[in-house]
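Undergrad: Could you work out the structure for the sequence below:
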Amino acid sequence: GQKWSLQANYLGTWSDYLITPAATQPNLLQYNDASTFNANFRISGTYQAPWGLTITPIYRFQLGQPLQQVVPINGLRQGTLTLPLGPIDEFRTQNISLFDIRIEKYITFKEKYKVGLFFDAFNILNNNADQTQDPTIGTKTTTVAGQLETYQRFLSAETITPPRIFRVGAKFTF
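TA: Residues are numbered from 1 along each chain as shown. Predicted coordinates for the structure are as follows:
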């Protein structure tokens, strides 16, 4: 019989929109029209291997998100104004590419009870891409090991893809 299946999908999206729908300030209007493209791809399969093992690999790819470089202007009467320095598609966050797998085995006993044993491995290639990055020009100060550290904000990581993770578990069905 059939021992495997394969599924793939791709989604590409083009968007045209206003970043600030009610922008009236000339500096905001200059780069207010946005035209972006985003895409992601996923392929997964299932293989019924010998010894009753089910192997399910999954590969996912996501194009980095459009990023608009901005600079905060402080000390104004209305507060801080964040000005764009270019179009939203001038920079992108890092692409994210992930490969995961599950290996599973079911054991049946007393004809109606099942125990499923599984092993999951997430982010096998240990991709550490930045999921979000700071779009702001300037510096930021933080405390690291009791010392003040200053770093450049623009394109610095705000959220990083989680590391390689392994999980072992069991399911009981009755």
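
Undergrad: just checking, what packs against the helix-or-strand element of the chain with minimal mean pLDDT?
TA: Across the helices and strands of the chain, the lowest-confidence element by mean pLDDT, DSSP states H and E is helix 26-29, at a mean of 80. Helices and strands touching helix 26-29, by 3 or more CB pairs under 8 Å, 6 or more residues apart in numbering; DSSP states H and E, are strand 79-84. Any C-beta I mention is one placed from the backbone N, CA and C, and that applies to glycine too.

Undergrad: partners of the strand it packs on, with directions?
TA: strand 70-76 (antiparallel) (DSSP bridges).

Undergrad: quick one: average pLDDT of the partner strand?
TA: Strand 70-76 comes out with an average pLDDT of 88.

Undergrad: Break down the protein into its strands, ranges please.
TA: Under the criterion DSSP state E, strands of the chain are mapped to 4-18, 33-48, 53-62, 66-67, 70-76, 79-84, 91-92, 96-109, 113-122, 130-133, 139-144, 147-152, 157-160, 165-173.

Undergrad: Give the rounded mean pLDDT of the second one.
TA: In this model, strand 33-48 carries a mean pLDDT of 95.

Undergrad: so where's the chain shaky on pLDDT?
TA: The model of the chain has pLDDT under 70 over residues 1.

Undergrad: Which residue is most remote from the mean position of it?
TA: Farthest-out residue of the chain from its mean C-alpha position, per CA atoms, centre = their mean: Lys110, at 43.9 Å.

Undergrad: where does that residue fall, phi/psi-wise?
TA: phi 50, psi 30 (degrees, to the nearest 10).

Undergrad: Roughly how far does it sit from Lys3?
TA: Using CB to CB, to the nearest Å, Lys110 is found at 28 Å from Lys3.

Undergrad: again, but for Gln25
TA: Relative to Lys3, Gln25 is positioned 62 Å away (CB to CB).

Undergrad: More neighbours: which of the two?
TA: Set side by side, Gln25 and Lys3 show more neighbours around Gln25, with 12 against 9, by other CB atoms under 10 Å.
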